[in-house]
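> Return atomic coordinates for the entry below.
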Amino acid sequence: MKEEEKEELRKVIADFLELGHVDNIAAMFRQNRELYQLTGVLLRDERFAVRLGVAVLFEIMAEERPEETQDAIPHLAPLLFEQTPYIRGEAVNVLGIIGSEAALDLLRAHTYDPDPQVREIIADFIPDG
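Numbering: from 1, shown residues only. Just a heads-up that it's a prediction; the model follows:
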């Protein structure tokens, strides 16, 4: 996917998520697995409704096509090192929703995040972590 195309899709997806059209975005993801590449960028969006929409999207996709959600992991992992705690928290939440061993291993590696809310989200997915 070309950078210009990625940016255009990111804008469309973010705007649709902000409006609550998660089902439309889920249909797009079903048609094109490459869209998982946009997950990290979408979670950096300043609009809470967009980030919430990403979480809802992943709840849908993890139930329907759990193997496909794995495609997002490489694009979520860098967010665990972001300076902004809410971005780390959003990444942790989506990785927890994905719930694969690879995603949970990333969460285990960050159980000592400096932010207490991020640690709490991790604990929700890894109670013994």
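> I would like the residues contacting the helix or strand containing residue 61, please.
Element membership for residue 61 (DSSP states H and E) is helix 48-64. For helix 48-64, contacts defined as CB atoms under 8 Å, 6 or more residues apart in numbering pick out 14, 16-20, 22-23, 25-26, 29-30, 39, 42-43, 45, 68-69, 72, 90, 93-94, 97-99. The way it works is simple: take the backbone N, C-alpha and C, and place the C-beta from them, glycine included.
> So for it, what gets flagged as buried?
Buried residues in helix 48-64, counted by 16 or more other CB atoms under 10 Å: 50, 51, 52, 53, 54, 55, 56, 57, 58, 60, 61, 62.
> mean confidence score for that helix?
If you average the pLDDT over helix 48-64, you get 98.
> Following element in sequence after it, please.
Following helix 48-64 in sequence, per DSSP H and E, is helix 66-69.
> and that next one, what other elements does it pack with?
helix 48-64, helix 85-98 (3 or more CB pairs under 8 Å, 6 or more residues apart in numbering; DSSP states H and E).
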